[in-house]
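Participant: Mind folding the following:
(chains A and B)
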Amino acid sequence: MPSAWRWFAAVLAVGLVATSLSGAARAIENFVYEPPTREPKGELSRFVRENPDIVLEQVWAFVEQQGFSIESVNPQDRILVARYSGDPRPFLDCGLVVAQNDGKPVEPRREYSANREQVRTYRSPKGRRVGLLRDLQLDARLVVRVEPRGTGARVFASSIYVATKSINRLRKGGKTDELIDREVISFRSNEQGRFEKGTICVPNGKLEGIALNLFHKGS
Amino acid sequence: MSPALKAALTRLGTLLLATVAGSGVQPAVVRAQADTQQVPAGPNDEATWTAARKAGTVAAYQRYLELFPVGAYAEDAFRLLVESSLRTPRPVPLIQIEPGAGPPGLTRELQVAAADLALY
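Facilitator: Now for the predicted structure:
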């Protein structure tokens, strides 16, 4: 092979290797959001063959035992209100955030649930690294009604969800700094919540289920 | 007496009294809420809600929820209650991402980054 061809082949090989290496090491280009596919379950109810007052007492004890704070109990109307504040993950499905490269999910697939209580990340606009903390907080109000039904009672459970999304700047050492954005949305058991920028959160029915779980299904 | 036992006894007492003696007799722990709770009625609900909105305080929203636990405005009241109780100051408004725009103290890089992240 003439030396000119040999030189050309060497340059081509080096170029190909360099191209493939840069592709393999390329950082994730962007993230895309995949909304939840489930539907909200709405108000849940269950029939219990028991005196309604006893049923209310059982629900009260059970909900309290699960760590919820009891906001009020009205034995007359048989209404109990409990409150939850904290991590949204047990009760909300907010879809997924999926890492992409060239419009396709990266291999191996990298994703995180958008209902995570805290996400620390950064962006590098114009090469300057900016740390950010995304915080999602859930405040929920569970309302349980017990109504007499023949020889027993029907327990109804529904909730109001308030989701608060905050974005703060993160300084060196993970120190949280100024609040950059905050959005508060609310929705009921039979609805989905939607943040301005597109994130959708759907109640998974587990909060309402807490009031009913102590009773056997199918009764 | 342990708090759990105390709570259980309170619960039992409340329900026994409410069942046996009717609605007129209720122990103190529940009386505060139960006395003020009513079956949601349109005009009362509306009037209480209007007053709560006017006051715009945590106490006013809480009061509405106590009076009307399943009231027509319970969702709004609860959302506003949560919003009002957020302790940190309101955020700097986010913005047109144009060179030189935006509030002072927030760099353009930070605005762009935040707007990008806010998608999720």
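Participant: What separation do you get for the most centrally placed residue in chain A and A:A163?
Facilitator: Nearest residue to the geometric centre of chain A (Cα atoms, centre = their mean): A:N115, 1.9 Å. To A:A163, A:N115 is 9 Å away according to Cβ to Cβ, to the nearest Å. Bear in mind the C-beta positions are built from the backbone N, C-alpha and C, glycine included.
Participant: Now for these two: what residues contact both?
Facilitator: A:88, A:92, A:136, A:201 (Cβ atoms under 8 Å, 6 or more residues apart in numbering or on different chains).
Participant: For stretch A:46-65, list the C-alpha coordinates in CSV.
Facilitator: Written as CSV, here are the backbone C-alpha positions of stretch A:46-65 (Å, rounded to 0.1, in the frame of the first residue of the first chain):
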residue,chain,number,x,y,z
ARG,A,46,-67.0,-0.6,51.8
PHE,A,47,-70.0,-2.2,53.5
VAL,A,48,-69.4,-3.5,57.0
ARG,A,49,-71.7,-5.8,59.0
GLU,A,50,-71.4,-3.8,62.2
ASN,A,51,-72.9,-1.0,64.2
PRO,A,52,-71.9,2.3,62.6
ASP,A,53,-70.7,3.8,65.9
ILE,A,54,-68.4,0.8,66.5
VAL,A,55,-67.2,1.1,62.9
LEU,A,56,-66.3,4.8,63.4
GLU,A,57,-64.4,3.9,66.5
GLN,A,58,-62.5,1.2,64.7
VAL,A,59,-61.7,3.5,61.8
TRP,A,60,-60.6,6.2,64.3
ALA,A,61,-58.3,3.8,66.1
PHE,A,62,-56.8,2.3,62.9
VAL,A,63,-56.2,5.6,61.2
GLU,A,64,-54.5,7.0,64.3
GLN,A,65,-52.4,3.9,64.6
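Participant: For residue 81, which residues are in contact?
Facilitator: This is for chain A. Contacts of A:V81 by Cβ under 8 Å, 6+ apart are A:70-73, A:141-144, B:65, B:69.
Participant: that's the wrong chain, I meant chain B
Facilitator: B:58, B:61-62, B:65.
Participant: Kindly recompute the last result at 10 Å.
Facilitator: Each residue near B:L81 by Cβ atoms under 10 Å, 6 or more residues apart in numbering or on different chains is listed here: A:139, A:141, A:162, B:52, B:57-62, B:64-65.
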